[in-house]
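**Student:** Curious how this folds, go ahead:
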Amino acid sequence: MKPKTLVVLAAISGASALAAFLAFQSKEASQRSPASGTTGTPLLPALKPRINEVASITLRKANSEARIERRDGTWVVANRGGYPAKFEMVKQGVTQLADAKIIDAKTSNKERYAAIGVQEPDAPDAGSTLVRFADAKGETIASLIVGKAETGPAAADAMFGGAATGKMFVRRAGEAQAFLADLNAFNAEADPMQWITREFLKMPRERMQGVTIVHPGGEQVVVSRDSKDAIDFTLQNMAAGRELSYAGAATNVASALDFVSLEDVKPAAEIDLSKEPGPVATFRTFDGVLITARTGKVDGKDWVAFQASLTPEAAAPPRGESQPEAGQSDGGQPKTGPTRAELEAEVAELNAKLSPWVFVVGDFKHKQLAATMESLLKPVEGGAEPGSTSVGPSVDSSLGPVGPSPAPEPGAAPAPEPALTPAPNSDTPEPINPPVDPPKLDPTPSETPSNPAARK
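**Tutor:** Numbering: from 1, shown residues only. Coordinates of the predicted model:
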């Protein structure tokens with residue numbers, strides 16, 4: 001073969017090899033292009049420009065789903081009847097994904113998805129979560145499959161799988177390529193209850209005068225104290241030969257509203273407590289606020305509905321005297337208690353939070369609300385004296401009737417008994433007005449949105 005021919009063939013062979021190399025490089029580059037995910041580029045490029053258009057967030061696992069929606073400017077949990085969601089949790093989740101960057105491209109092989117937890121959420125044994133952001137029309141803005149958190153080697157005890165590095169494995173829905181992204185333990189929680197503030201009622205024991213619990217069979221449990229200075233409450237009408245099961249048993253009943261958190265919640269219109277009613281507990285404060293807790297069993301769960309009201313004499317001045325306005329003093333002395341107007345405002349706020357809903361409050365709290373004489377008492381050691389019919393103080397009539405009242409002295413008018421039932425029309429839930437300005441999710445440092453997750 002002539003030398004000139006060899007040169008030509010070598011040139012052709014070299015050109016072919018170069019073309020093949022460039023084609024391979026082009027393919028690799030296309031997999032790491034901004035459209036597919038170059039290191040340092042946004043994980044969800046469509047989300048940040050439209051962050052304030054997000055109207056719903058759906059998080060779905062194999063066996064659970066949370067649907068968060070923005071309604072009238074308030075973020076709510078749609079599959080809990082529209083109960084208010086934690087706004088800060090919503091905002092943090094959206095802005096975290098909008099700001100997330102790709103660190104590295106990982107596998108595009110379906111067989112390896114399970115190892116990093118980015119398989120489809122309905123796959124067998126899947127631990128992944130599908131997160132979908134949609135606009136007001138329900139059209140998808142962005143969606144992502146969130147997998148496992150990356151763990152560092154031997155940074156923690158091996159039994160815990162290493163220490164989290166602040167990075168998570170993810171895969172954009174509908175795409176094969178998986179990535180490692182800087183999500184710093186993103187909360188891909190698909191349990192709707194995790195998006196709700198659990199504590200919903202706090203009425204300190206220090207305000208309480210007493211509690212009356214009326215059971216469907218007629219039994220009444222009454223605990224009370226005469227003054228705020230008294231630390232312990234007294235159980236009324238204890239039978240002979242019985243004593244408190246432990247020293248603070250009566251006080252424990254009065255503490256039931258100290259901290260009330262929910263385990264489940266539904267709109268009041270969806271739960272009928274009258275079908276299998278339970279006890280009704282009425283809590284009364286020294287300043288005349290009444291909190292009534294009606295219980296009932298529905299579908300095997302113990303539910304509670306709360307209603308606030310005022311006694312007629314709440315914060316009322318003596319006859320012929322005027323009540324000082326809020327913030328004013330009475331005869332040069334500082335005002336020591338709330339005015340009637342302030343108490344009415346408190347009751348309205350409580351009913352706005354409580355009346356539209358029924359709650360599951362857990363076994364321990366439900367036992368406090370449904371305490372019986374049997375649950376609070378035990379036999380006295382050594383037994384009662386022969387002929388005794390009752391031990392303990394008599395019933396406090398201000399907390400409601402328990403058994404027949406004693407006959408009045410001759411010529412004396414019977415003392416009136418304050419009602420423990422809610423005020424007229426208090427069964428009608430107060431409307432909940434949404435915030436005027438809808439919250440924005442634009443993650444700018446200057447933004448300080450009001451929290452619309454406050455209960456309506």
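
**Student:** Going by C-alpha atoms from here, please, whenever you check contacts or count neighbours.
**Tutor:** Will do.

**Student:** which residues of the stretch 201-350 of the chain score low on pLDDT?
**Tutor:** Scanning the stretch 201-350 of the chain with the threshold set as pLDDT under 70 gives 316-336.

**Student:** Residue 196 versus the closest residue in space to residue 361 that isn't next to it in sequence, what's the distance?
**Tutor:** If the residues on either side of it in the chain are set aside, residue 361 comes closest to residue 262, at 4.6 Å by C-alpha to C-alpha, 6 or more residues apart in numbering. Noted for residue 262: a distance of 9 Å to residue 196, by C-alpha to C-alpha, to the nearest Å.

**Student:** Pick out whichever of these two has more residues nearby.
**Tutor:** residue 196 (23 against 19; other C-alpha atoms under 10 Å).

**Student:** pLDDT score assigned to the nearest residue to the more buried one once chain neighbours are set aside?
**Tutor:** In space, residue 196 comes closest to residue 85 once its chain neighbours are excluded; the distance is 4.9 Å by C-alpha to C-alpha, 6+ apart. pLDDT, residue 85: 97.

**Student:** rewinding a little: residue 269 versus the residue nearest to residue 361, what's the distance?
**Tutor:** From residue 262 to residue 269 the distance is 18 Å (C-alpha to C-alpha).

**Student:** again, but for residue 195
**Tutor:** The separation that residue 195 has from residue 269, given C-alpha to C-alpha, amounts to 22 Å.

**Student:** residue ranges for the helices of the stretch 51-200 of the chain, please.
**Tutor:** For the stretch 51-200 of the chain, the helices defined by DSSP state H, counting those that start in this stretch occupy 87-99, 113-116.

**Student:** got the CA coordinates for the shortest one in CSV?
**Tutor:** It stands for helix 113-116. What follows is helix 113-116 as a C-alpha-only set of coordinates in CSV (Å, rounded to 0.1, in the frame of the first residue of the first chain):
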residue,chain,number,x,y,z
TYR,A,113,-34.1,3.1,42.7
ALA,A,114,-35.0,1.2,45.9
ALA,A,115,-31.5,1.5,47.2
ILE,A,116,-31.8,5.3,47.5
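
**Student:** The nearest residue to residue 113 once chain neighbours are set aside: neighbouring residues, count only.
**Tutor:** Excluding the flanking residues, the one nearest residue 113 by C-alpha to C-alpha, 6+ apart is residue 119, at 5.1 Å. Look at residue 119: counted by other C-alpha under 10 Å, it has 26 neighbours.

**Student:** Kindly list the main-chain dihedrals of residue 119?
**Tutor:** Phi and psi for residue 119, reported as degrees, to the nearest 10, are phi -70, psi 170.

**Student:** Could you double-check that it lies in contact with residue 125?
**Tutor:** No - Residue 119 is beyond contact range of residue 125, at 9.6 Å (criterion: C-alpha atoms under 8 Å).

**Student:** more neighbours, residue 195 and residue 269?
**Tutor:** Comparing residue 195 with residue 269 by other C-alpha under 10 Å, the one with more neighbours is residue 195, at 23 against 9.

**Student:** hang on, the more buried one packs against residue 88?
**Tutor:** No - between residue 195 and residue 88 there is no contact under C-alpha under 8 Å: 9.8 Å.

**Student:** All the strands of the stretch 251-400 of the chain, residue numbers only.
**Tutor:** Ranges of strands within the stretch 251-400 of the chain are 260-261, 264-267, 277-285, 289-298, 301-310, 357-360, 377-379, based on DSSP state E, counting those that start in this stretch.

**Student:** which stretch among these comes nearest residue 204?
**Tutor:** Ranking these by proximity to residue 204 (C-alpha to C-alpha) places strand 277-285 first, at 9.4 Å.

**Student:** Walk me through which strands that closest one pairs with, and which way each runs.
**Tutor:** Its sheet considered, strand 277-285 pairs with strand 208-214 (antiparallel), strand 289-298 (antiparallel) by DSSP bridges.

**Student:** Burial check on residue 166, number of neighbours?
**Tutor:** Other residues near residue 166 number 15, with proximity taken as other C-alpha under 10 Å.

**Student:** Please report the distance of it from residue 253.
**Tutor:** With distances taken as C-alpha to C-alpha, residue 166 is found 46 Å from residue 253.

**Student:** Then residue 108?
**Tutor:** Residue 108 is 60 Å from residue 253, by C-alpha to C-alpha.

**Student:** What's opposite the residue nearest to residue 192 when sequence neighbours are not counted in the beta bridge?
**Tutor:** Spatial nearest neighbour of residue 192, excluding adjacent residues (C-alpha to C-alpha, 6+ apart): residue 66 at 4.4 Å. Beta-bridge partners of residue 66, counted by DSSP bridges, are residue 59.

**Student:** how about residue 66, what does it touch?
**Tutor:** Residues near residue 66 by C-alpha atoms under 8 Å, 6 or more residues apart in numbering: 58-60, 77-79, 189-192.

**Student:** quick one: residue 262 and residue 249, what's the gap?
**Tutor:** Distance from residue 262 to residue 249, by C-alpha to C-alpha: 23 Å.

**Student:** To what extent is residue 270 buried, counted in neighbours?
**Tutor:** Residues within reach of residue 270, counting by other C-alpha under 10 Å, total 10.

**Student:** ah, wrong one, I meant residue 345
**Tutor:** Using other C-alpha under 10 Å: residue 345 sits among 12 other residues.

**Student:** go on, residue 52?
**Tutor:** 15.

**Student:** is it true that residue 377 touches residue 247?
**Tutor:** No - assessed by C-alpha under 8 Å, residue 377 is found out of contact with residue 247, at 10.3 Å.

**Student:** Look at those two and report which has more neighbours.
**Tutor:** Ranked by neighbour count (other C-alpha under 10 Å), residue 377 and residue 247 place residue 377 first, with 19 against 12.

**Student:** tell me which residues of the strand ranked longest in the chain are tucked away?
**Tutor:** In the chain, assigned by DSSP state E, the strand with the most residues is strand 140-152. By neighbour count on 16 or more other C-alpha atoms under 10 Å, the buried set for strand 140-152 is 141-151.

**Student:** got the residues you listed as TSV, with distance to residue 212 and pLDDT columns?
**Tutor:** TSV is the format used below for the buried residues of strand 140-152 (distance: C-alpha to C-alpha, whole Å; pLDDT from 0 to 100):
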residue	distance to residue 212	pLDDT
141	54	98
142	54	97
143	53	97
144	53	97
145	52	97
146	51	96
147	52	95
148	52	93
149	52	91
150	55	90
151	55	82
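
**Student:** Is it possible to get a markdown table of the residues you listed that adds distance to residue 45?
**Tutor:** Output for the buried residues of strand 140-152, formatted as a markdown table (distance: C-alpha to C-alpha, whole Å):
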| residue | distance to residue 45 |
| --- | --- |
| 141 | 10 |
| 142 | 8 |
| 143 | 11 |
| 144 | 12 |
| 145 | 15 |
| 146 | 16 |
| 147 | 19 |
| 148 | 22 |
| 149 | 21 |
| 150 | 22 |
| 151 | 26 |
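
**Student:** hang on, the earlier thing: sitting in strands, which of the contacts of residue 66 do you find?
**Tutor:** The strands, defined by DSSP E, take in 58-60, 77 from those.

**Student:** Those residues: which two are farthest apart?
**Tutor:** Taking C-alpha to C-alpha as the measure, the ones in strands among the contacts of residue 66 reach their widest spread between 60 and 77, a distance of 13.6 Å.
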